[in-house]
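Student: Sequence first, predicted coordinates after that:
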Amino acid sequence: MTANPLLQVRQLSRSYRDGDAALGGAEVTVLQQLDLTVAGGDSVAVVGVSGSGKSTLLNLLAGLDDPSGGAITLAGRSWAQQNSSERAQWRNRHIGMVYQFHHLLPEFSAVENIELPLLIAGVAAAPARQRANELLQQVGLSARASHRPMALSGGERQRVAICRALANQPSLVLMDEPTGNLDPATAGELEQLLLELNQHSGTAFIIVTHDHRLAARMGRQLELVDGQLQPWQPRS
């Protein structure tokens with residue numbers, strides 16, 4: 001493992017209060033003393049049963065939530081040492097996110113959706129448009145650049161969402177069930193695209209998924225069990 005990992009998670013814990021403490025609400029521990037190290041360009045799959053804390057983990061890694069204990073360092077900076085504005089800027093620079101549902105803005109075209117993180121980062125309009133079009137070409141959607149999300153198929157929407165996540169050439173892309181809303185054939189095409197993008201971009205991917213076929217194609221497979229990550233052993 002590299003001496004200077006991209007992402008380092010140490011002794012990460014996250015607990016929630018189930019109901020009002022004054023009424024005897026119990027504390028529920030979702031993650032406990034979890035460790036994870038990811039190098040640049042890695043591809044990591046995280047599997048686990050529903051409710052095991054996979055989405056909670058992604059939110060913590062992205063700096064969208066605060067842990068109850070432990071530390072997360074991304075590209076040499078700890079989330080705990082940044083205020084909300086600094087986190088937003090660091091996230092825009094270093095993290096792309098893809099969800100099961102694309103979350104594209106319906107009033108914007110495909111190319112405009114991809115431009116947004118670039119414009120937020122201060123990139124001028126012309127180079128932002130050029131970068132967005134280059135990404136659309138990479139995923140085979142140049143002819144759909146001017147189409148709004150409602151005019152795109154489910155697979156096309158996810159491809160646009162992936163382009164948006166990659167727009168600022170982030171260090172890390174976090175994906176939450178990226179193929180979960182697609183038919184098997186389209187999911188297979190998207191899986192292949194993700195592998196190619198990971199191999200050629202140098203960006204690390206962490207993918208939370210119930211799709212064991214997708215998980216098996218990642219460079220490393222982990223399972224979230226009892227609040228901790230352990231090597232995944234597929235069950236026959």
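Tutor: Cool, got the structure.

Student: Give the phi and psi angles for the residue nearest in space to the middle of the chain, as a check.
Tutor: Per CA atoms, centre = their mean, the C-alpha nearest to the average position across the chain is that of residue 174, at 1.3 Å. As for residue 174, its main-chain torsions (degrees, to the nearest 10) stand at phi -100, psi 130.

Student: Bridged to it, which residues?
Tutor: Beta-bridge partners recorded for residue 174 (DSSP bridges): residue 97, residue 206.

Student: how about the CA coordinates for the helix ranked longest in the chain, as CSV?
Tutor: Ordering each helix of the chain by length in residues (DSSP state H) puts helix 184-201 first. Taking C-alpha atoms only, helix 184-201 is exported to CSV below (Å, rounded to 0.1, in the frame of the first residue of the first chain):
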residue,chain,number,x,y,z
PRO,A,184,-29.5,-6.6,-16.7
ALA,A,185,-28.3,-5.9,-20.2
THR,A,186,-27.9,-2.1,-19.6
ALA,A,187,-26.3,-2.8,-16.2
GLY,A,188,-23.7,-5.0,-17.9
GLU,A,189,-22.9,-2.2,-20.4
LEU,A,190,-22.5,0.3,-17.6
GLU,A,191,-20.3,-2.1,-15.6
GLN,A,192,-17.9,-2.3,-18.6
LEU,A,193,-17.9,1.4,-19.0
LEU,A,194,-17.0,1.9,-15.3
LEU,A,195,-14.1,-0.5,-15.5
GLU,A,196,-12.8,1.3,-18.6
LEU,A,197,-13.1,4.7,-17.0
ASN,A,198,-11.4,3.6,-13.8
GLN,A,199,-8.5,2.1,-15.8
HIS,A,200,-8.0,5.2,-18.0
SER,A,201,-8.8,8.1,-15.6
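
Student: Give me the contact list for that helix.
Tutor: 41, 43, 138-139, 153-155, 158-159, 162, 166, 169, 175, 178-179, 182, 203-205, 207, 211, 213-214, 217 (CB atoms under 8 Å, 6 or more residues apart in numbering). In short, each C-beta sits where N, CA and C put it, glycine included.

Student: so what's the residue lying closest to residue 37 once chain neighbours are set aside up against?
Tutor: Of all residues not flanking residue 37 in the chain, residue 5 sits nearest, at 4.8 Å (CB to CB, 6 or more residues apart in numbering). Contact analysis of residue 5 by CB under 8 Å, 6+ apart lists 37, 38, 39.

Student: returning to that earlier point: could you list which of the contacts of helix 184-201 belong to helices?
Tutor: Applying DSSP H to those, the entries found in helices are 138, 154, 155, 158, 159, 162, 166, 213, 214.

Student: In contact with the fourth one, which residues?
Tutor: Under the criterion of CB under 8 Å, 6+ apart, the contact list for residue 158 reads 98, 102, 178, 179, 181, 182, 190.
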